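[1] starting from these lines, generate the structure:
(4 chains)
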Number of protein chains: 2
Amino acid sequence: MADTQRQRLEAREEAILVAATAVLGESGVDGARMAEIARRADVAEGTVYLYYKNKHDLLEAVVDRFWRELTLGAIAAISDNTTATEQLRELAHYHLQSLITDFKLVEITSRAGMRHDEPGRQLPQVREYVRVFDAIMQRGINQQEFQANTPIWQMRDVFYGSLEYSARTLVLRAQGLDKSVVENVIGLFNLHRVDADSDKQPPSASIADHDTIIEALARIESKLS
Amino acid sequence: MADTQRQRLEAREEAILVAATAVLGESGVDGARMAEIARRADVAEGTVYLYYKNKHDLLEAVVDRFWRELTLGAIAAISDNTTATEQLRELAHYHLQSLITDFKLVEITSRAGMRHDEPGRQLPQVREYVRVFDAIMQRGINQQEFQANTPIWQMRDVFYGSLEYSARTLVLRAQGLDKSVVENVIGLFNLHRVDADSDKQPPSASIADHDTIIEALARIESKLS
DNA sequence: CGCTAAAATGATTGCGACTCATTATTAATG
DNA sequence: CATTAATAATGAGTCGCAATCATTTTAGCG
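    Have a look, this model is predicted:
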């Protein structure tokens, strides 16, 4: 049947993509050999080029899929009936965890977006991914949970920038996910609320996380009145 | 004279580095040809390899010099007799401006640090550069201008992460430096302004208890709205 | 000068991405 | 089924470029 034929083609394309993801993850972009990818996908080297124009194209496809799945995961990780702040916390936690787990693919991503003629370029699927943040933030602003005095794009850059740099640090130190990072980043967006109550802010603690608790209590307390 | 000889060698090395910086900036890492670099430095292709082991080595040297100069610029950009907050503002301004101006070299930097075996790796000179932030922040904490409840490395990641992402956005939109970004980032650090009476606090509970508390607080908070 | 070591050269090599003439497979048709 | 056209797959061969190295040039010194 024509249907089976089509499925076989899709299966081949998929096999190549899977093989490419594995090899790129293991060896990095420069270390990855097209011959090795073809071998693992169980196709001839020339066949790869029937499905992907060149190595960079294949790289983009791998990265694209990664972020598409990450987007789905992010949406799934967010509870429906909760505050924007809590959703932001869930997103931050999911994002940081993902970055740490697949940091190599994150690095490869920046590689895929590099074109000497168009600096700073982001892949479409990455742009799609960050919309998750935008949606939460917009809702938080609409419901006056967040203040709208800073443009969303700036908050987005703070959010993703902080988390990526934090992930890099944690990966570098071979630490796992550090929840205090998440709380710290979330805290950045509660700035103004906490500030309003700052006159009764207690002295600092020697342990960083301690303040996280105090701040959460402050937020809760402010909501009760 | 031996002195003249040495100077000639250094001049050659310098010429190669300058040529490499130009070509890499114009064509990107993959687009840059060693032959072109040699040509511009007015040496034979083989000569380049007397000074730099290979292309990646040359790339690292270019990036290394860039960040060394940036470090000097940052130190110069900071006033001596002012508050830590103001110094932070000056640093943020200088950093963002530099990132925008030389964004290509920033992208190339991440490329230079990529090694498939050691993810997240940062070049030594970049590590040196971020010390400028650390010094300011440490002083701010010592003088109780900032609170010490968040580890410096987390603040550093917030600072540089936010600014790099913001720079990317601004470059992408072909906007120039946006001072509101600087103010926004600085604002993040005024969050935890210290109150006059910051004294000792008892150490926190065990990690297990701590996480339980955080999660319980999150649940409670989410139910309040 | 002549001699030696250091420096520079560029033709040559090796590797790996990509091509393309050839072969194999599938679908269509009588 | 046999025949044929169209589509898919192959892998030996091409080509571009980083890196090498046998050869030549230059510098230092008595």
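[2] quick one: low-confidence ranges for chain A?
    For chain A, the stretches flagged by pLDDT under 70 are A:1-3, A:191-225.
[3] would you mind giving the domain segments of it?
    For chain A, automatic domain parsing gives the domain ranges A:1-52, A:63-189.
[4] hey, which of these is tucked in deepest?
    domain A:63-189 (a mean of 19; mean count of other Cβ atoms under 10 Å in any protein chain shown). All C-beta spots, glycine's among them, are computed from the backbone N, C-alpha and C.
[5] so does it get close to DNA strand C?
    No: Domain A:63-189 lies apart from DNA strand C when judged by Cβ under 7 Å from any atom of the strand; the minimum separation is 13.4 Å.
[6] mind naming the longest helix for chain A?
    When chain A is scanned for its longest helix (criterion: DSSP state H), the result is helix A:2-31.
[7] what does stretch A:132-146 contact?
    The contact list for stretch A:132-146 (Cβ atoms under 8 Å, 6 or more residues apart in numbering or on different chains) reads A:71, A:74-75, A:78, A:83-85, A:87-88, A:91, A:147-148, A:152, A:155-156, A:159-160, A:189, B:225.
[8] A:Ile136: which element?
    Element membership for A:Ile136, per DSSP states H and E: helix A:124-142.
[9] ok, then the element right after that helix?
    Past helix A:124-142, the next helix or strand by DSSP H and E is helix A:152-172.
[10] so how far is the helix or strand just after that following helix from its chain's centroid?
    Using DSSP H and E, the helix or strand that follows helix A:152-172 in sequence is helix A:179-189. Taking Cα atoms, centre = their mean, to the nearest Å, one finds the center of helix A:179-189 at 16 Å from the center of the full chain.
[11] is chain B contacted by helix A:179-189?
    Yes: applying Cβ under 8 Å from any Cβ of the partner chain, one finds that helix A:179-189 is in contact with chain B at A:Lys179, A:Ser180, A:Val181, A:Glu183, A:Asn184, A:Val185, A:Gly187, A:Leu188.
[12] stretch A:154-172 too?
    Yes: on the criterion Cβ under 8 Å from any Cβ, stretch A:154-172 is in touch with chain B at A:154, A:156-158, A:160-169, A:171-172.
[13] and stretch A:115-129, by the same measure?
    Yes: Stretch A:115-129 is in contact with chain B by Cβ under 8 Å from any Cβ, via A:Arg115, A:His116, A:Pro119, A:Gly120, A:Arg121, A:Gln122.
[14] what's the closest of the residues of stretch A:154-172 next to chain B to B:Ser110?
    Ranked by distance to B:Ser110 (Cβ to Cβ), the residues of stretch A:154-172 next to chain B are led by A:Arg168 at 10.0 Å.
[15] need the nearest residue in space to the closest one, chain neighbours excluded.
    Closest residue to A:Arg168 apart from its sequence neighbours, by Cβ to Cβ, 6 or more residues apart in numbering or on different chains: B:Gly120 at 4.5 Å.
[16] re the thing from before, got the residues of helix A:179-189 next to chain B as JSON lines, with distance to B:Phe66 columns?
    Formatted as JSON lines, the residues of helix A:179-189 next to chain B follow (distance: Cβ to Cβ, whole Å):
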{"residue": "A:Lys179", "distance to B:Phe66": "35"}
{"residue": "A:Ser180", "distance to B:Phe66": "33"}
{"residue": "A:Val181", "distance to B:Phe66": "29"}
{"residue": "A:Glu183", "distance to B:Phe66": "35"}
{"residue": "A:Asn184", "distance to B:Phe66": "30"}
{"residue": "A:Val185", "distance to B:Phe66": "29"}
{"residue": "A:Gly187", "distance to B:Phe66": "33"}
{"residue": "A:Leu188", "distance to B:Phe66": "29"}
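[17] fine, thanks again, bye for now.
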